[in-house]
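In: below is the structure, and that's it, no one-letter string:
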């Protein structure tokens, strides 16, 4: 196969093989998803919860906004499974996850609590630093999500929320615990057994939704359990990537199914399956980005720093100039700058430590057609 262009009827495994085990579009997809989240937040952060609810009540807007987080988790499941199957060690897997998630998170939480909070709080510094909210905010580092710092952003249209994006830490940590259990039990190394677990999850989720369970909240945001399901479907898609034929026609059909499912939540499970196919389709395409965006993985930094930067802009903007488009135009370049600093100064140096902890020497990439699986992208 030509390493630059997939043949008609190629599977996801064929394309990964042709690119040395790397899905050529996954980095770009993660970046687009992070900017997507930033843009959605910009559209309501100047008007508050009522504007967000009005946005979500429009079916077209719901189609635009609701798929982004399930797609994020499907990407994570796909890539993390490749990493888990290569390193084959629970301890190493968890260390790699800590290396990827913790450093930038620690910095963002610390900067918010020690710099942003004292700078913009409406409380005195002694009152700020002695308030239990200040100490509790650091629990974000271990996944105990806290949104508030004393007196910070109290007058904003989204009052008090420092970083709403942190709520996804809970399902993300749950996904990593799940994957660790799969590695420890060796179930992940049998796609038959793992497939049975995945089928059980999908059937249970369907029963939960048919029984009245929540798939999306009133803002059109996926319930955390749906995000975990999306992660598991992403895992399954990597396990069976030699059976997934990558086709533009199939991707178009999947887009229609996903759109219908978002508007009609009882179809959430078919919707997640469709979104995961779209993820695999884009991830196995060659996506061209400006060169300055290809020198690092900036998606995590954009996702992590975006909301506090948006809230800060709203805090300073006069009420007559508080518009989503202005927050987007001012905030996105600023957030990208923070993301680049985070990648080059924090994330990349820490990730280099993983080379010292590999469970086995690096070997050639092979897919499920062989006995070993490898994938260098770990998020």
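Out: Right, received. Where do you want to start? The shown structure was predicted, so the numbers you read here are calculated from the model rather than taken from an experiment.
In: touching, residue 350 and residue 106? I think so.
Out: No. Residue 350 lies out of contact with residue 106 (CB atoms under 8 Å); the separation is 10.3 Å. (Each C-beta comes from the backbone N, C-alpha and C, glycine too.)
In: any low-confidence regions in the protein?
Out: Along the chain, the parts satisfying pLDDT under 70 run over 1-8, 355-379.
In: for it, longest helix please?
Out: Scanning the chain for the longest helix, with DSSP state H as the assignment, gives helix 90-111.
In: give the buried residues for that one.
Out: In terms of neighbour count (16 or more other CB atoms under 10 Å), helix 90-111 has its buried residues at 90, 92-93, 96-97, 99-101, 103-105, 107-109.
In: could you measure from residue 331 over to residue 73?
Out: Computed as CB to CB, to the nearest Å, the residue 331 to residue 73 distance reads 24 Å.
In: show the contacting residues for the spatially closest residue to residue 40 that is not a sequence neighbour.
Out: Computed as CB to CB, 6 or more residues apart in numbering, the closest residue to residue 40 that is not its neighbour in sequence is residue 65, at 5.1 Å. Neighbouring residues of residue 65 by CB atoms under 8 Å, 6 or more residues apart in numbering: 40, 55, 56, 220, 221.
In: secondary structure element holding the closest residue to residue 202 other than its chain neighbours?
Out: Once its chain neighbours are removed from consideration, residue 202 has its nearest residue in residue 269; the separation is 5.6 Å (CB to CB, 6+ apart). Per DSSP states H and E, residue 269 falls inside helix 268-283.
In: residues contacting that helix, please?
Out: The set of residues external to helix 268-283 that reach it, using CB under 8 Å, 6+ apart, is 12, 23-26, 28-29, 67, 70-71, 74-75, 78, 202, 205-206, 209, 215-216, 226, 229-230, 233-234, 237, 241, 244, 246-248, 250-251, 253-255, 257-258, 260-262.
In: just the buried residues from those, in ChimeraX please.
Out: Filtering the contacts of helix 268-283 down to the buried ones (16+ other CB under 10 Å) takes a single ChimeraX command:
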select :12,23,24,25,26,28,29,67,70,71,74,75,78,202,205,206,209,215,216,226,229,230,233,234,237,241,244,246,247,250,251,254,255,257,258,261,262
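In: taking the contacts of helix 268-283 one by one, which sit in strands?
Out: Using DSSP state E, no member of these falls within strands.
In: what helices and strands are in contact with the longest helix of the chain?
Out: Judged by 3 or more CB pairs under 8 Å, 6 or more residues apart in numbering; DSSP states H and E, helix 90-111 is in contact with helix 68-87, helix 169-184, helix 299-316, helix 324-342, helix 348-351.
In: buried deepest among the ones you listed, which one?
Out: Most buried of the helices and strands packed on helix 90-111 by mean neighbour count (mean count of other CB atoms under 10 Å) is helix 68-87; its value is a mean of 25.
In: what helices or strands is that helix leaning on?
Out: For helix 68-87, the elements it packs on are helix 26-44, helix 90-111, helix 169-184, helix 224-239, helix 268-283, judged by 3+ CB pairs under 8 Å, 6+ apart.
In: distance from it to the middle of the chain?
Out: Mean-position distance between helix 68-87 and its chain equals 9 Å (CA atoms, centre = their mean, to the nearest Å).
In: swap in stretch 195-214?
Out: In terms of CA atoms, centre = their mean, the centre of stretch 195-214 is set 22 Å apart from its chain centre.
In: quick one: buried residues of that stretch?
Out: Along stretch 195-214, these residues count as buried under the neighbour rule (16+ other CB under 10 Å): 197, 198, 201, 202, 205, 206, 208, 209, 213.
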